[in-house]
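[1] what would the 3D arrangement of this be:
(2 chains)
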Amino acid sequence: MKNKVSITVNGVERSAEVEPRMLLVHFLREELHLTGTHVGCDTTQCGACTVRMNEQAVKSCTVFAVQADGANVTTVEGLAGGDGLHPIQEAFREHHGLQCGFCTPGMMMAASQLLDRYPEPTLEQIKHQLDGNICRCTGYHNIIKAVQSAAEKIKARKQAQGAR
Amino acid sequence: MFPAQFEYHRPGSIDEALALLGEYGDDAKLLAGGHSLIPSMKLRLLEPKHLIDLGNIASLKGVRVEGDTVAVGALTTHYGVESSPEAKGALPLLCEVAGQIADPQVRNRGTMGGSLANADPAADWPATALALDAEFICKSDAGERKVPASEWFQGLFTTALEEGEILCGLRFGKLPERTAATYLKLQHPASRFAVVGVSAAVTTDSAGKCVQARIGITGVGTHAARAAKTERLLEGRVLDPANIAAAAALADEGFDAGSDMHFSESDRRELCRAYVERALLGVLERANAGQFQP
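    Next up is the predicted model:
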């Protein structure tokens, strides 16, 4: 038996008939071909499949697509929300916040929630808020630098917008 | 990994959910945050034919202060508790515990009620439900039933929840004046479950004497339980490092601690005693600093 789901993904409403057992990550990757969201451990540990669902960072390997019916989902493809890069993406590039790159989409989506909740994060807050994302290259040093830099960029951007 | 096939139901009210539960009985599982259930289904440890998703029932969500009581809806996520101004104001220990569960993504989905109904022996909430003597509100077709925390945890993944019942919420009563509390956890570095988790709420009088001690321990036995001997030894004595050390030395008694791939039984018992001592020293420090739960 299939269920109809309608999920707004990166601002576009997407509908499909899916088996209830289909995981959100497979809906994104296989139905919508949004392969930026990665499947890492598939056991709710590594965070490579992190997306924002109604603003909240979730591990999409542990959410059924039917549970996301009616929800707003943002994947790494929608992070920038238009042309160019999001400040988090810029910062990851500048600070080389990636090695093999596999964890990067999830890391950036977790970072985007982190910076929404803690716009001026301390080092401890960054570490605690990235607890759910594993970089198996162990490139955490530059990931943290990238998040700190992204916080600065976002702050500067907001100030510039406010000044206008 | 793909779970076995199932039929998905998303009731809009508790009554609807109860009706579905009545209809499908043992073939059905209730889905809260799904952060234990979905992994179990992916591993095919569980293959329910029907999944009843409670996620759409608004009345099961949120933290409310009702007089002297903090009421938490069973479907309130860990982050919902962690970030709740009501919880922070009335019972900050709840926020302290919630913020230590798993990781941010899991806290966004996992729920207090789901965790307590699942009763994983290494989950965080059970220790605190015991230390705060929470009341479990269960609903069924027959009406509402209240179960005290002391009767809730009955065995490995086994609770007092009866067939046809849904755990709908938790109620935390006001703590006596001058109660300091803490949650201290040794987290497993991979799973972030508690190897040992100690929730301690201790009431002292103005002379520093312990009037009431409630200590919940998770991770050590097949289910969370109170450290009864430690509590009894502390009560009536001055809460000081010497008495704490003597009381903590009894903390693992009564627990059916086992060995697993991570820790032997004797290590687990030693960790239990050490973490109870540290937790109580933390409580003492807070009491000395006048940091009491409101």
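
[2] let's see stretch B:25-43 as PDB, backbone CA atoms only.
    C-alpha atoms of stretch B:25-43 as PDB (Å, rounded to 0.1, in the frame of the first residue of the first chain):
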ATOM      1  CA  GLY B  25      -3.800  -4.500  19.100                       C
ATOM      2  CA  ASP B  26      -0.500  -6.300  19.100                       C
ATOM      3  CA  ASP B  27       0.000  -5.800  15.400                       C
ATOM      4  CA  ALA B  28       0.400  -2.000  16.000                       C
ATOM      5  CA  LYS B  29       3.200   0.100  17.400                       C
ATOM      6  CA  LEU B  30       2.800   3.700  18.600                       C
ATOM      7  CA  LEU B  31       5.300   6.000  16.900                       C
ATOM      8  CA  ALA B  32       6.400   9.100  18.900                       C
ATOM      9  CA  GLY B  33       9.700  10.600  17.800                       C
ATOM     10  CA  GLY B  34      10.800   7.200  16.400                       C
ATOM     11  CA  HIS B  35      14.400   7.500  17.400                       C
ATOM     12  CA  SER B  36      14.400   4.000  19.000                       C
ATOM     13  CA  LEU B  37      11.500   2.500  17.100                       C
ATOM     14  CA  ILE B  38      12.600   3.400  13.600                       C
ATOM     15  CA  PRO B  39      16.200   2.100  14.100                       C
ATOM     16  CA  SER B  40      14.700  -1.100  15.500                       C
ATOM     17  CA  MET B  41      12.400  -1.500  12.500                       C
ATOM     18  CA  LYS B  42      15.300  -0.800  10.100                       C
ATOM     19  CA  LEU B  43      17.200  -3.700  11.800                       C
END
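
[3] which residues in the stretch 101-250 of chain B form helices?
    B:104-109, B:112-118, B:125-131, B:149-152, B:228-234, B:241-248 (DSSP state H, counting those that start in this stretch).

[4] and the shortest one, how far out from the chain's middle?
    By that I understand helix B:149-152. On the basis of CA atoms, centre = their mean, to the nearest Å, helix B:149-152 sits 11 Å off its chain's mean C-alpha point.

[5] cool, the first one as well?
    Chain-centre distance of helix B:104-109: 16 Å, with CA atoms, centre = their mean.

[6] briefly note if it comes near chain A.
    Yes. Using CB under 8 Å from any CB of the partner chain, helix B:104-109 comes into contact with chain A via B:104-106, B:108-109. Placement of C-beta: from N, CA and C, glycine included.

[7] quick check on B:Ala134: phi, psi?
    Phi and psi for B:Ala134, reported as degrees, to the nearest 10, are phi -60, psi 160.

[8] for it, what are its contacts?
    B:128, B:148-149, B:170-172 (CB atoms under 8 Å, 6 or more residues apart in numbering or on different chains).

[9] show me what counts as buried in the helix ranked longest in chain A.
    Assignment by DSSP state H gives helix A:140-163 as the longest helix of chain A. Residues A:140, A:142-151, A:153-154 are the ones in helix A:140-163 that count as buried (16 or more other CB atoms under 10 Å in any protein chain shown).

[10] same thing with stretch B:188-199?
    Here stretch B:188-199 shows B:192-199 as buried, counting by 16+ other CB under 10 Å.

[11] pop the domain breakdown of chain A in here.
    Chain A breaks down by automatic domain parsing into domains covering A:3-78, A:87-158.

[12] from start to finish, how long is the first one in a straight line?
    Distance between the boundary residues of domain A:3-78 (CA to CA, to the nearest Å) amounts to 25 Å.

[13] that one and chain B, are they touching?
    Yes. Using CB under 8 Å from any CB, domain A:3-78 reaches chain B at A:3, A:19-21, A:23, A:42-45, A:47, A:50, A:56-59, A:62-64, A:66-67, A:69.

[14] ok, the buried residues of helix A:140-163 vs chain B, which is closest?
    Nearest to chain B among these: A:Val147, at 13.2 Å, using CB to the nearest CB.

[15] residues near the residue in the stretch 101-250 of chain B that chain A sits nearest to, how many?
    Proximity of the stretch 101-250 of chain B to chain A (CB to the nearest CB) peaks at B:Asp103, 2.9 Å away. For B:Asp103, the neighbour count with other CB atoms under 10 Å in any protein chain shown is 22.

[16] same question, the one 10 residues further on
    Taking other CB under 10 Å as the neighbour definition, B:Gly113 ends up with a count of 26.

[17] B:Ile215 now?
    27.

[18] what is the longest helix of chain A packed up against?
    helix A:87-94, helix A:104-117, helix A:123-129 (3 or more CB pairs under 8 Å, 6 or more residues apart in numbering or on different chains; DSSP states H and E).

[19] let's see stretch B:243-261 as CSV, backbone CA atoms only.
    Provided in CSV are the C-alpha atoms of stretch B:243-261 (Å, rounded to 0.1, in the frame of the first residue of the first chain):
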residue,chain,number,x,y,z
ASN,B,243,28.8,11.1,54.4
ILE,B,244,28.5,11.3,50.6
ALA,B,245,31.4,8.9,50.2
ALA,B,246,29.9,6.5,52.7
ALA,B,247,26.5,6.6,51.0
ALA,B,248,27.8,6.4,47.5
ALA,B,249,29.6,3.2,48.4
LEU,B,250,26.2,1.5,48.6
ALA,B,251,24.8,3.0,45.4
ASP,B,252,25.1,-0.1,43.2
GLU,B,253,23.4,-2.4,45.7
GLY,B,254,20.2,-3.9,44.5
PHE,B,255,21.1,-3.4,40.8
ASP,B,256,21.4,-6.5,38.6
ALA,B,257,24.4,-5.1,36.8
GLY,B,258,25.7,-7.2,34.0
SER,B,259,28.7,-7.3,31.7
ASP,B,260,28.7,-6.3,28.1
MET,B,261,31.2,-5.6,25.4
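
[20] just the buried residues of that stretch, please?
    Applying 16+ other CB under 10 Å to stretch B:243-261 flags B:243-244, B:247-248, B:250-252, B:254-255, B:257 as buried.

[21] about what we covered before: can you tell me what sits against the longest helix of chain A?
    With CB under 8 Å, 6+ apart, helix A:140-163 has contacts from A:87-88, A:90-92, A:94-98, A:107, A:111, A:114-115, A:119-121, A:123, A:126-127, A:130, A:135.

[22] coming back round to it: by neighbours, which of the residues of helix B:104-109 next to chain A wins?
    B:Gln105 (31 neighbours).

[23] residues touching that one, list them.
    B:Gln105 neighbours (CB under 8 Å, 6+ apart): A:44, A:47, A:50, A:57-59, A:110, A:132.

[24] quick check, nearest of those residues to chain B?
    Chain B lies nearest to A:Gly132 out of the contacts of B:Gln105, by CB to the nearest CB, at 2.9 Å.
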